[in-house]
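[1] 3D, please:
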Amino acid sequence: MYVEKSISTGNGLEPSFRGDFLKAGLSIEVSGGYWLKPVSNGQIERDWTPEMLDAFMVLGERYPDIAGEIYVVAKNEPRPQYFHSGWQQSNQG
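    Numbers count the residues shown, from 1 in each chain. Take a look at the predicted model:
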């Protein structure tokens, strides 16, 4: 089962956001962001070209910690347990 959660915070993938998924016992499959938005909607609508829109979408993907939209895709399965000598998958039998 996949759980998807997306929020718009304007300040990126904060540790508490990812931590909510980990605390719930979910394994994070992928996380990221898109859409860097440094100005108001009105300024974008009035002044930006389609090329600028594309460029700021790419910038948000490249810098997800400061993206305007962030996401996490998580799976309901045990995540690896980390130890001093590396990692081992939990529930090995």
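[2] Near Val72, how many other residues are there?
    When neighbours are counted by other C-beta atoms under 10 Å, Val72 registers 21. Heads up, the C-betas are built off the backbone N, CA and C, glycines and all.
[3] ok so it is a strand residue?
    Yes: counting by DSSP: H, G, I helix; E, B strand; the rest coil, Val72 is part of a strand.
[4] For burial, what's the neighbour tally of Val39?
    11.
[5] how about it, what does it touch?
    By C-beta atoms under 8 Å, 6 or more residues apart in numbering, Val39 lies in contact with nothing.
[6] And it, how close does it get to Leu59?
    Distance of Val39 to Leu59, computed by C-beta to C-beta, to the nearest Å: 13 Å.
[7] Dihedrals phi and psi, Asn76?
    The phi/psi pair for Asn76 (degrees, to the nearest 10) reads phi -90, psi 80.
[8] Adjust the sequence numbering to begin at 43 for everything that follows.
    With 43 as the first residue, the last one maps to Asn118.
[9] quick check, Met94 in a helix?
    Yes: with three-state DSSP as the criterion, Met94 is part of a helix.
[10] Give me the below-cutoff pLDDT ranges for this structure.
    Scanning the chain for pLDDT under 70 picks out 43-57, 120-135.
[11] May I have the phi/psi pair for Ala109?
    phi -70, psi 160.
[12] what are the phi and psi values for the residue nearest to it when sequence neighbours are not counted?
    Once flanking residues are discounted, Ala109 sits nearest to Gly75: 2.8 Å by C-beta to C-beta, 6 or more residues apart in numbering. Main-chain torsions, Gly75, degrees, to the nearest 10: phi -150, psi 170.
[13] Brilliant, that's me finished.
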